[in-house]
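A.B. asks: Pasting a predicted model and its sequence here:
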Amino acid sequence: MTISPAINGTASGTASQDRRLRTAAPQSGFAPWKDPAKKPIIRFEGVTKRFGDFVAVNNITLDIYEREFFALLGPSGCGKTTLLRMLAGFERPSEGRILVEGKDITDLAPYERSNINMMFQSYALFPHMTVERNVGFGLRQEGMPNDQIKLRVDEAMALVELGKFSHRKPHQLSGGQQQRVALARAIAKKPRLMLLDEPLGALDKKLRNQAQFELMRIQEQTGTTFVIVTHDQEEAMTVASRIAVMNQGTLEQVSTPGEIYETPQTRYVAQFIGDVNIMEGKVVSLPGDGTVDITPASGDGRIFKAGACQGLVVGQQVWLSVRPEKFRISLEQPQSTINVVKGRVDDVGYLGSISHYHVHTEAGNRVTALRANSSQSVERSISWDDTVWLEWPADAGVVLTA
Ligand code: ATP
């Protein structure tokens, strides 16, 4: 068996992260993208953006629906900010169209997109204005009567719980409070679409986690469609109804957080979201019961069984992706020989409620298994240098062809 070095595809790896990655989408039961009768509020149609010879966004077609909290997720330079800036009107597509509520807005300037508001990572607050004046700024620019402005400002500040700071200047606020002022200013205009470019990037981890839940609450209370750009997979998994995982200007997968985690369509997505073990092999048989039998690339005669995906053929090269928590790690050799790997424990990371086991397999690769520490004795029972067996059910592995 070859277990590729593509293990632990991201920097994530703590128990708390792994738990959070499996957080359900915030708006459970909400899935307008599954309803063919629903029209999207945003439609990117074959959108490409070139900067000189460089293609930053490559022929993207994507629908986003009203009331979605939609995340554009990907590593630095993958084109997510460029896509957002084209929606806001700060960049013009080289090819393709952008429609909002059925109207082609491709050629409209940002100020002509009155139903869209963007919150920048830098917050862009006016230092000489009080919080109250900052929040009301856009409304004054629109020429709204003062009494209406006051109502809107009070409402937005109550929503972000900033009321008591209304007379302070931005420099008298913490980073988290400044972020809420910027959010209140954007919300006060009651846009149909709120675009957020790494809105929590300047906050420390604890504040960031709190702010994610605040954003979700505000999005649900206002019913505004949110599109957020982030490179933080944990953040996207926590807040979003759907996530578009981007890679070099293209969309790798657009799915709910649960689908992205449980059924990634490519190795890139599997490795970008959470920890994963990728095992290379070949299809040896398709028994016709919806499963596929795979021989590991080491060719040692063992069989891995998994749910088959469409279009597989015997002899095809595939990769089996198994999340660390799907392995059952044991000191006893399992009776079954299917979906079993033998190895030696290289390393144990005790994280309280959970332990990580790094296992050096007989085939010479390193895999990661997780086990919940439901009692003290469980945590002590497997240790460094122990010979262990890893076993997993057929439905725990995902077969990837790309
Ligand atoms: P990050 O998370 O680092 O902000 P990103 O995914 O948001 O990354 P973009 O800002 O969309 O990436 O940039 C995508 C690519 O396009 C990058 O390689 C970037 O250097 C390039 N790019 C963006 N804006 C311009 C520009 N005005 N001129 C030339 N190249 C640009």
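C.D. replies: Right, received. Where do you want to start?

A.B. asks: in the protein, which residue is closest to the centre?
C.D. replies: Ala236 (3.5 Å; Cα atoms, centre = their mean).

A.B. asks: and the host helix or strand of that one, what does it pack onto?
C.D. replies: For Ala236, the host element (DSSP states H and E) is helix 233-239. Counting contacts by 3 or more Cβ pairs under 8 Å, 6 or more residues apart in numbering; DSSP states H and E, helix 233-239 packs against helix 15-21, strand 69-73, helix 205-222, strand 225-230, helix 257-262. C-beta coordinates here come from the backbone N, C-alpha and C atoms, glycine included.

A.B. asks: Convert the C-alpha atoms of the longest one to CSV, please.
C.D. replies: Right, the one you point to is helix 205-222. The C-alpha coordinates for helix 205-222 follow below in CSV (Å, rounded to 0.1, in the frame of the first residue of the first chain):
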residue,chain,number,x,y,z
LYS,A,205,-8.4,33.6,17.5
LYS,A,206,-10.8,33.8,20.5
LEU,A,207,-12.4,37.0,19.3
ARG,A,208,-12.6,35.6,15.8
ASN,A,209,-14.6,32.6,17.0
GLN,A,210,-17.0,34.9,18.9
ALA,A,211,-17.3,37.2,15.9
GLN,A,212,-18.1,34.3,13.6
PHE,A,213,-21.2,33.5,15.6
GLU,A,214,-22.1,37.2,15.8
LEU,A,215,-21.9,37.4,12.0
MET,A,216,-24.2,34.3,11.7
ARG,A,217,-26.7,35.8,14.1
ILE,A,218,-26.8,39.1,12.3
GLN,A,219,-27.0,37.5,8.9
GLU,A,220,-30.0,35.4,10.1
GLN,A,221,-31.7,38.4,11.8
THR,A,222,-31.4,40.7,8.8
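
A.B. asks: what about that helix, distance to the chain center?
C.D. replies: 15 Å (Cα atoms, centre = their mean, to the nearest Å).

A.B. asks: for stretch 364-377, same thing?
C.D. replies: Distance of stretch 364-377 from its chain centroid, counting by Cα atoms, centre = their mean, is 25 Å.

A.B. asks: Averaged pLDDT, that stretch. What do you get?
C.D. replies: In this model, stretch 364-377 has an average pLDDT of 80.

A.B. asks: Near the ligand, which residues of the chain are found?
C.D. replies: Residues of the chain lying near the ligand by Cβ under 6 Å from any ligand atom: Phe51, Phe54, Ala56, Gly74, Ser76, Gly77, Cys78, Gly79, Lys80, Thr81, Thr82, His231.

A.B. asks: Can I have the buried ones of these as a ChimeraX selection?
C.D. replies: To isolate the buried ones among those in ChimeraX, judged by 16 or more other Cβ atoms under 10 Å, type:
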select :56,74,78,79,80,81,82,231
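
A.B. asks: Just put the residues of the chain next to the ligand in TSV and tack on pLDDT and secondary structure.
C.D. replies: Below are those laid out as TSV (pLDDT from 0 to 100; DSSP: H, G, I helix; E, B strand; the rest coil):
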residue	pLDDT	secondary structure
Phe51	97	strand
Phe54	97	strand
Ala56	97	strand
Gly74	94	coil
Ser76	91	coil
Gly77	93	coil
Cys78	95	coil
Gly79	96	coil
Lys80	96	helix
Thr81	95	helix
Thr82	97	helix
His231	91	coil
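
A.B. asks: re the thing from before, after the helix holding Ala236 comes which helix or strand?
C.D. replies: strand 242-247.

A.B. asks: what helices or strands is that next one leaning on?
C.D. replies: On a contact count with 3+ Cβ pairs under 8 Å, 6+ apart, strand 242-247 meets strand 69-73, strand 250-255, helix 257-262, helix 267-272.

A.B. asks: Only the buried residues of that strand, if you could.
C.D. replies: Arg242, Ile243, Ala244, Val245, Met246, Asn247.
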